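Student: dropping the sequence and predicted coords here.
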Amino acid sequence: MARSKISTFDDWIDYFRQWQKDIGYDSGLLGDYKFETKLGEIHTPEIEFGDFRGQPKWQRVEQMPNQSIRDALLNLIVYQGDTEFASVEQQKNLLDNAPTDYDRQSLIRVNSEEMRHGWQMCYLLVTYFGDSGRLEAQKLLERRAFNGNRLLGSFNAPVNNWLDFFTYTQFVDRDGKFQLTMLSHSGFAPLAESVTYMLKEESFHMFTGNTGLTRIVRARKIPLPIVQKYFNKWLSTAYDLFGTDHSSSAQWAYVWGLKGRYNEHEAREPVEKEKLNELAREHYLAECRKLVDALNQHIPEGQPRLTIPDFKFHRSIGEFSGKPYSIRGELLSPDEYQKHLVEVLPTPEDERRLNEIFKEKDWVLQMN
Amino acid sequence: MKQICLVCQNVDCKSRGSEALMKELEKKVTDKGLADVEVRPYMCFGACQEGPNIVLYPEKSWYAGVKMEDVNDILDHLAGGPDVKRLDRIDPSLKELIYQLLDTGVF
């Protein structure tokens, strides 16, 4: 195994400061924001589900019954951490063209909290996982969204403008809420404590997206078909974030008590272990539908309504990966599908048009 | 000055019972004859994990994790009584951002 350059968490902090410089993030923007490890309250001190249910939650990885469980846990933390640093890499270019001071301030808050979330995951890796944890914590700062080598598709996609950003925080950060909620039931106490605090901070990120999109819809300057294309872009990739269908790794994470169901605390029905990712995605879809319905309340009669694309559309993993389904869930021929993609996803022409619209301030309701 | 009692009705707060809370507040405000208080739904305050959230505006009191048994204390506050300190638990920097947004009058 390759050896890590990091021996202690202080070494990792130095590497983190270097990462900020390398990606061109002006840390002066963060003001007196203090990066620190924050722990929230866990739901219960006992493991909540799976084969070890009722036993005390593990405080150290050495207490776990076998290496497979430790490896699965490390993997969950690495994937979560990867998304946090990636999102800052994706969004940093927007700092120079925020529509209002309020939005710039909000973006800086979102970025600082995403960095802190990555920090928190690296704290877990360095503190609890020995050499392999230190190496993974280092690698989290070496992959780059703009090089396309972040671990999950959404986190390599370009965030080119503020419509991208608001759509991303509404839908991709909302996936984050779902993942963190499922991890908040973890049998590994330091992880459960970490994510319960992260969840509080994540709420503001989704709020930024929700209010941003509402301001756009109410301003009525960006054509709704273009807004819809950005929904199609980000929601289809967000569907992938729930993982493959019939996932064995999700099943093992449940059996081992590492990652619960989204509604674990209130679920009365028996767990369907072979459909865990599908069920989480269904909860997510239901929530996104409600949010889009609320946005539609601001659209005048006679105008097109916004919708969420079918869960089979434009998928890159799972049962429908690469299959030519339309945004309405119809199976198309390969040729029809290629034409359809041009019609329903943002094009360079859409971006040019948006850039023209962005020249006037009134494309989004002003906040100051 | 008219006091507005904003009750979050976004997905998370609703799942924690904010719809019933709003109805109860509306009913009790009427029953108590608080003519200078208006109860209104609100889209979100960005503290979903700590909901249901209720903000009194323009006074700027923020109550988080509100339960049905807290309603009478909130009403007493609206009627001129003391703050409900046990429900004041939101990070001050988040409060500042959200109050800034409320002050713009956009939402």
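Tutor: Great, that's in hand.

Student: check the closest residue to B:E38 other than its chain neighbours and give its pLDDT.
Tutor: Leaving aside its chain neighbours, B:E38 sits nearest to B:I4 (5.2 Å; criterion: CB to CB, 6 or more residues apart in numbering or on different chains). For the C-beta atoms, the positions are set from N, CA and C on the backbone; glycine is no exception. pLDDT, B:I4: 96.

Student: B:I4 sits in which helix or strand?
Tutor: B:I4 belongs to strand B:3-8 when assigned by DSSP states H and E.

Student: what's the neighbour count on the residue nearest to A:C288 when sequence neighbours are not counted?
Tutor: In this structure, A:C288 finds its nearest non-sequential neighbour in A:I308, 5.1 Å apart by CB to CB, 6+ apart. Using other CB atoms under 10 Å in any protein chain shown, A:I308 is surrounded by 22 other residues.

Student: tell me the secondary structure at A:I308.
Tutor: Under the three-state scheme (DSSP: H, G, I helix; E, B strand; the rest coil), A:I308 adopts coil.

Student: quick one: contacts of the helix or strand following the strand holding B:I4?
Tutor: Later in the chain than strand B:3-8, the nearest helix or strand by DSSP H and E is helix B:11-15. Residues outside helix B:11-15 that contact it (CB atoms under 8 Å, 6 or more residues apart in numbering or on different chains) are A:203, A:287, A:290-291, B:7, B:44, B:48-49, B:51-53.

Student: the helices in the chain, which residues?
Tutor: Just so you know, I chose chain A. A:9-22, A:67-91, A:101-128, A:130-140, A:162-183, A:189-219, A:224-240, A:248-255, A:276-296, A:334-344, A:348-358 (DSSP state H).

Student: you looked at the wrong chain, it should be chain B
Tutor: B:11-15, B:18-32, B:71-78, B:92-104.

Student: now residue 75: closest residue in space, sequence neighbours ignored.
Tutor: Here I'm looking at chain A. A:S249 (7.8 Å).

Student: my question was about chain B, not that one.
Tutor: Per CB to CB, 6+ apart, closest to B:L75 is B:K28, 5.3 Å.

Student: OK, contacts around the one you found?
Tutor: B:71-72, B:75.

Student: kindly present those residues as a markdown table, with separate columns for neighbour count and pLDDT.
Tutor: Formatted as a markdown table, the entries for those read as follows, by neighbours: other CB atoms under 10 Å in any protein chain shown; pLDDT from 0 to 100:
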| residue | neighbour count | pLDDT |
| --- | --- | --- |
| B:V71 | 17 | 98 |
| B:N72 | 14 | 97 |
| B:L75 | 20 | 97 |
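
Student: now, among these, which is nearest to chain A?
Tutor: B:V71 (22.9 Å; CB to the nearest CB).

Student: any idea how far that closest one is from B:G80?
Tutor: 16 Å (CB to CB, to the nearest Å).

Student: thinking again about what came up before, look up how far chain B lies from the residue nearest to A:N75.
Tutor: A:S249 sits 27 Å away from chain B, going by CB to the nearest CB, to the nearest Å.

Student: and A:K5, by the same measure?
Tutor: 34 Å.

Student: what about residue 91, neighbour count?
Tutor: By default, I'm working from chain A. So A:Q91, with other CB under 10 Å, has 21 neighbours.

Student: not quite, go with chain B.
Tutor: Around B:D91 there are 13 residues (other CB under 10 Å).

Student: with A:Y79 instead?
Tutor: The number of residues near A:Y79, taken as other CB under 10 Å, comes to 16.

Student: hmm, it is touching A:R150, no?
Tutor: No - at 10.0 Å, A:Y79 and A:R150 do not qualify as touching, with contact defined as CB atoms under 8 Å.

Student: those residues of the stretch 251-368 of chain A touching chain B, which are they?
Tutor: Residues of the stretch 251-368 of chain A lying near chain B by CB under 8 Å from any CB of the partner chain: A:287, A:290-291, A:294, A:365-368.

Student: among these, which ones are buried?
Tutor: Neighbour counting by 16 or more other CB atoms under 10 Å in any protein chain shown classes A:287, A:291, A:294, A:365, A:367 among these as buried.

Student: what's the closest non-adjacent residue to the third one?
Tutor: If I follow you right, that is A:A294. Nearest non-adjacent residue to A:A294 (CB to CB, 6+ apart): B:M43, at 7.2 Å.

Student: wait, the one you found sits on B:V7?
Tutor: No - with contacts counted by CB under 8 Å, B:M43 stays clear of B:V7, the gap being 10.8 Å.

Student: correct me, but the residue nearest to B:E38 touches B:Y57?
Tutor: Yes - using CB under 8 Å, B:I4 is in contact with B:Y57, at 4.9 Å.

Student: can you report how many residues lie near A:Y33?
Tutor: 16.

Student: now chain A against chain B: closest residue?
Tutor: Counting by CB to the nearest CB, chain A gets nearest to chain B through A:F207 (3.1 Å).

Student: quick one, what contacts the nearest residue to that residue once chain neighbours are set aside?
Tutor: Closest residue to A:F207 apart from its sequence neighbours, by CB to CB, 6+ apart: B:G46 at 3.1 Å. By CB under 8 Å, 6+ apart, B:G46 lies in contact with A:203-204, A:206-208, B:94, B:97-98.

Student: at 7 Å what do you get?
Tutor: B:G46 makes contacts with A:203-204, A:207, B:94, B:98, as judged by CB atoms under 7 Å, 6 or more residues apart in numbering or on different chains.

Student: got CSV for those residues, with neighbour count too?
Tutor: CSV is the format used below for the contacts of B:G46 (neighbours: other CB atoms under 10 Å in any protein chain shown):
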residue, neighbour count
A:S203, 23
A:F204, 25
A:F207, 26
B:L94, 20
B:I98, 24
